[in-house]
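> what's the 3D shape of this:
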Amino acid sequence: MTKLSVNINKIATIRNARGGNVPDVLKVALDCERFGAQGITVHPRPDERHIRYQDVIDLRPLLTTEFNIEGYPNKKFIDLVLSVKPEQVTLVPDPPGVLTSNAGWDTVKHKSFLKEVIQGFKNAGIRTSIFVDTNSLNITHAAKTGTNRVELYTEPYAIDFHKDKEAAVKSFVEAGRLAVENGLELNAGHDLDLNNLNFFYKNVRKLAEVSIGHALISDALYFGLENTIQMYLRQLK
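Prediction:
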């Protein structure tokens, strides 16, 4: 079964636009769980423009599903993850000012750095995933870092889906197969939505988890949060 982890960053973006606590990030996270999501994802960035570090701390004792914290592994982020101890940490190569994650790791160039960081998380009993593209070298060298999983960066698939969905998914099918052959579990995320998710799910085998935020929260404005989560879950069947 492929799990759906809901990224709630956009809820925090709306809250921060006006100050105060509306919408309530903690309540929305619990509602997502209650409506069927099997995980909650957050991505605190250094400027805290959406999810704040305190949100991460406050969420930890409340969540009953899988908690996934994404981010670039600087010291502050590493300290946060080690103190909160989520079920999963997803490492992304974002520079500080980037708008959204837009590339995977060069696991050849950064292999030593990633190995050191991942070992620290492993020692704390935290499963680690690293954000990668479909380049075969990045997949095989990801396996050499000691990570448990890779998360396939799916924006290129989403962009090309409407042009030629078979061609769009081809490299992801091959990357997923290579990851599994190298002993890695497989996640995916970025720009997956109600139009392209089911095709991706049916073609990329042994997909453990998808993390979806922007599209899902946007759809909830039209369909309601509970209904939207159920709509996404139906795409994973």
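> use CA for all of it now, contacts and neighbours both
Will do.
> which of the three states applies to the residue nearest the centre of the chain?
Relative to the mean C-alpha position of the chain, the nearest C-alpha, by CA atoms, centre = their mean, is the one of residue 211, at 4.2 Å. When states are read from DSSP: H, G, I helix; E, B strand; the rest coil, the local structure at residue 211 comes out as strand.
> do residue 177 as well
Local secondary structure at residue 177 is given as helix here, using three-state DSSP.
> which residue ranges of this structure form strands?
Taking DSSP state E as the test, the strands found in the chain are 3-7, 39-42, 66-71, 88-91, 127-132, 149-153, 185-189, 207-212.
> let's have these in JSON lines, adding distance to residue 171.
Supplementary listing: the strands of the chain in JSON lines, determined by distance: least, CA to CA, whole Å:
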{"stretch": "strand 3-7", "distance to residue 171": "22"}
{"stretch": "strand 39-42", "distance to residue 171": "25"}
{"stretch": "strand 66-71", "distance to residue 171": "24"}
{"stretch": "strand 88-91", "distance to residue 171": "22"}
{"stretch": "strand 127-132", "distance to residue 171": "12"}
{"stretch": "strand 149-153", "distance to residue 171": "11"}
{"stretch": "strand 185-189", "distance to residue 171": "13"}
{"stretch": "strand 207-212", "distance to residue 171": "15"}
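> tell me which of those strands lies nearest to residue 107.
Comparing those by their distance to residue 107 (CA to CA), the top pick is strand 127-132, with 8.1 Å.
> the closest one vs strand 185-189, what angle?
For strand 127-132 against strand 185-189, the angle between stretch directions is 50 degrees (axes from the mean of the first three to the mean of the last three CA atoms, to 10 degrees).
> what's in contact with strand 127-132?
Contacts with strand 127-132, where a contact means CA atoms under 8 Å, 6 or more residues apart in numbering, come from 87-93, 103-106, 118, 121-122, 138-139, 142, 147-153, 187.
> where does this structure dip in pLDDT?
Residues of the chain that meet the criterion pLDDT under 70 lie in 95-102.
> run the last query once more with 90
For the chain, applying pLDDT under 90 flags the ranges 46, 94-104.
> where do the helices sit along it?
9-18, 25-34, 53-59, 75-84, 111-123, 136-143, 155-160, 165-181, 197-203, 214-223, 225-235 (DSSP state H).
> which residues sit against the second one?
With contact meaning CA under 8 Å, 6+ apart, helix 25-34 is reached by 6, 8, 11-12, 15, 39-40, 55, 58-59, 62-65, 225-226, 229.
> and the residue nearest to the centre of the chain, what does it touch?
When contacts are counted by CA under 8 Å, 6+ apart, residue 211 is found next to 4-7, 41, 187-190.
> residue 36: how many residues sit nearby?
The number of residues packed around residue 36, counting by other CA atoms under 10 Å, is 17.
> how near is it to residue 3?
With distances taken as CA to CA, to the nearest Å, residue 36 is found 10 Å from residue 3.
> for residue 44, same thing?
The span separating residue 44 from residue 3 equals 22 Å under the rule CA to CA.
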